[in-house]
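A.B. asks: Structure for the following, please:
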Amino acid sequence: MNTIFLHGIERNAALGIYPEERVTTCPVVIDLDIGMVSEHALDHDDIHETLDYDCVLSNLEQLLIDRRWGLLETMAGDIAVMVLASFPVPWVQVRIIKVGILPGVARTGVSIRRERGR
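C.D. replies: Presented below is the predicted three-dimensional model:
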(Lines give C-alpha, C1' and ligand atoms only; values in the text may rest on other atoms or scores of the structure.)
Protein backbone atom coordinates (compact mmCIF):
# COMPACT_ATOMS: atom_id res chain seq x y z
CA MET A 1 0.00 0.00 0.00
CA ASN A 2 1.52 3.29 -1.11
CA THR A 3 0.51 6.44 0.69
CA ILE A 4 0.88 10.14 0.06
CA PHE A 5 0.56 12.16 3.21
CA LEU A 6 0.17 15.73 4.37
CA HIS A 7 0.63 15.83 8.14
CA GLY A 8 0.53 18.70 10.57
CA ILE A 9 -1.68 21.06 8.57
CA GLU A 10 -2.32 23.78 11.14
CA ARG A 11 -5.34 25.94 10.40
CA ASN A 12 -8.24 27.64 12.13
CA ALA A 13 -11.67 26.15 11.58
CA ALA A 14 -15.21 27.24 12.34
CA LEU A 15 -15.88 24.31 14.62
CA GLY A 16 -17.75 23.62 17.83
CA ILE A 17 -21.14 23.02 19.40
CA TYR A 18 -21.03 25.39 22.36
CA PRO A 19 -22.30 28.97 21.97
CA GLU A 20 -18.86 30.50 22.53
CA GLU A 21 -17.42 28.22 19.84
CA ARG A 22 -20.10 29.19 17.32
CA VAL A 23 -18.89 32.79 17.03
CA THR A 24 -15.19 32.19 16.47
CA THR A 25 -12.68 29.76 15.00
CA CYS A 26 -10.39 27.35 16.78
CA PRO A 27 -7.00 25.87 15.93
CA VAL A 28 -6.95 22.37 14.50
CA VAL A 29 -4.23 20.11 13.18
CA ILE A 30 -5.18 17.97 10.19
CA ASP A 31 -3.35 14.90 8.92
CA LEU A 32 -4.24 13.39 5.56
CA ASP A 33 -3.09 9.97 4.39
CA ILE A 34 -4.15 9.36 0.80
CA GLY A 35 -3.81 6.22 -1.31
CA MET A 36 -1.59 6.77 -4.33
CA VAL A 37 -3.34 7.35 -7.64
CA SER A 38 -1.03 4.84 -9.33
CA GLU A 39 2.47 3.47 -9.03
CA HIS A 40 3.51 4.98 -12.37
CA ALA A 41 4.94 8.03 -10.60
CA LEU A 42 7.46 5.75 -8.92
CA ASP A 43 8.95 5.02 -12.35
CA HIS A 44 8.18 8.11 -14.43
CA ASP A 45 8.94 11.06 -12.13
CA ASP A 46 5.92 12.89 -13.56
CA ILE A 47 3.53 15.07 -11.51
CA HIS A 48 0.67 14.04 -13.80
CA GLU A 49 1.07 10.46 -12.56
CA THR A 50 0.48 11.35 -8.92
CA LEU A 51 -1.37 13.65 -6.57
CA ASP A 52 -0.47 17.34 -6.51
CA TYR A 53 -0.12 18.22 -2.80
CA ASP A 54 -0.74 21.89 -3.49
CA CYS A 55 -4.11 21.14 -5.10
CA VAL A 56 -5.14 19.02 -2.11
CA LEU A 57 -4.15 21.80 0.27
CA SER A 58 -5.94 24.47 -1.78
CA ASN A 59 -9.16 22.43 -1.83
CA LEU A 60 -8.89 21.82 1.92
CA GLU A 61 -8.35 25.50 2.64
CA GLN A 62 -11.39 26.46 0.54
CA LEU A 63 -13.52 23.93 2.41
CA LEU A 64 -12.37 25.39 5.73
CA ILE A 65 -13.37 28.87 4.53
CA ASP A 66 -16.77 27.75 3.23
CA ARG A 67 -18.02 25.59 6.11
CA ARG A 68 -18.85 25.64 9.80
CA TRP A 69 -19.10 22.37 11.71
CA GLY A 70 -20.47 21.36 15.06
CA LEU A 71 -18.56 18.09 15.35
CA LEU A 72 -15.06 16.95 14.43
CA GLU A 73 -16.62 13.77 13.05
CA THR A 74 -18.68 15.73 10.52
CA MET A 75 -15.70 17.87 9.57
CA ALA A 76 -13.54 14.77 9.00
CA GLY A 77 -16.27 13.20 6.88
CA ASP A 78 -16.61 16.32 4.74
CA ILE A 79 -12.85 16.47 4.19
CA ALA A 80 -12.82 12.80 3.15
CA VAL A 81 -15.69 13.38 0.72
CA MET A 82 -13.88 16.39 -0.75
CA VAL A 83 -10.67 14.42 -1.34
CA LEU A 84 -12.46 11.45 -2.91
CA ALA A 85 -14.64 13.70 -5.07
CA SER A 86 -11.79 15.92 -6.24
CA PHE A 87 -9.02 13.40 -6.89
CA PRO A 88 -8.91 9.90 -8.43
CA VAL A 89 -7.56 8.23 -5.30
CA PRO A 90 -8.65 4.88 -3.87
CA TRP A 91 -8.91 5.94 -0.22
CA VAL A 92 -8.24 8.69 2.29
CA GLN A 93 -7.67 8.77 6.03
CA VAL A 94 -8.39 12.03 7.84
CA ARG A 95 -7.18 12.80 11.34
CA ILE A 96 -8.20 16.04 13.04
CA ILE A 97 -6.85 17.20 16.37
CA LYS A 98 -8.49 19.96 18.37
CA VAL A 99 -5.75 21.22 20.66
CA GLY A 100 -6.18 22.06 24.34
CA ILE A 101 -9.95 21.80 24.71
CA LEU A 102 -10.01 19.59 27.82
CA PRO A 103 -8.00 20.28 30.98
CA GLY A 104 -5.14 17.83 31.28
CA VAL A 105 -5.64 16.44 27.76
CA ALA A 106 -3.06 17.54 25.19
CA ARG A 107 -4.99 16.51 22.09
CA THR A 108 -8.54 15.45 21.36
CA GLY A 109 -9.64 14.33 17.94
CA VAL A 110 -10.99 11.87 15.43
CA SER A 111 -9.59 9.69 12.71
CA ILE A 112 -11.68 8.26 9.87
CA ARG A 113 -10.91 6.30 6.72
CA ARG A 114 -13.08 6.33 3.62
CA GLU A 115 -12.69 4.30 0.44
CA ARG A 116 -13.88 5.12 -3.04
CA GLY A 117 -17.15 3.44 -3.87
CA ARG A 118 -18.32 2.96 -0.30
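
A.B. asks: CA atoms for contacts and neighbours, from now on please.
C.D. replies: Noted.

A.B. asks: residues contacting residue 79?
C.D. replies: Counting by CA atoms under 8 Å, 6 or more residues apart in numbering, residue 79 makes contact with 60, 63, 94.

A.B. asks: Look up how far residue 89 lies from residue 63.
C.D. replies: Distance of residue 63 to residue 89, given as CA to CA, to the nearest Å: 18 Å.

A.B. asks: Could you do residue 115 as well?
C.D. replies: 9 Å.

A.B. asks: Mind checking which of those two has more residues around it?
C.D. replies: Taking other CA atoms under 10 Å, residue 115 and residue 89 do not tie; residue 89 has more neighbours (18 against 15).

A.B. asks: That one touches residue 82, doesn't it?
C.D. replies: No - using CA atoms under 8 Å, residue 89 is not in contact with residue 82; the gap is 11.3 Å.

A.B. asks: Hmm, residue 110 is touching residue 96, no?
C.D. replies: Yes - under the criterion of CA under 8 Å, residue 110 makes contact with residue 96 at 5.6 Å.

A.B. asks: joint contacts of those two?
C.D. replies: Common neighbours of residue 110 and residue 96 (CA under 8 Å, 6+ apart) are 72, 76.

A.B. asks: higher neighbour count, those two?
C.D. replies: residue 96 (23 against 16).

A.B. asks: Identify the bridge partners of the more buried one.
C.D. replies: Taking DSSP bridges as the rule, residue 96 bridges to residue 30, residue 110.

A.B. asks: give me every residue that touches it.
C.D. replies: Counting by CA under 8 Å, 6+ apart, the residues that residue 96 touches are 28-31, 72, 76, 109-111.
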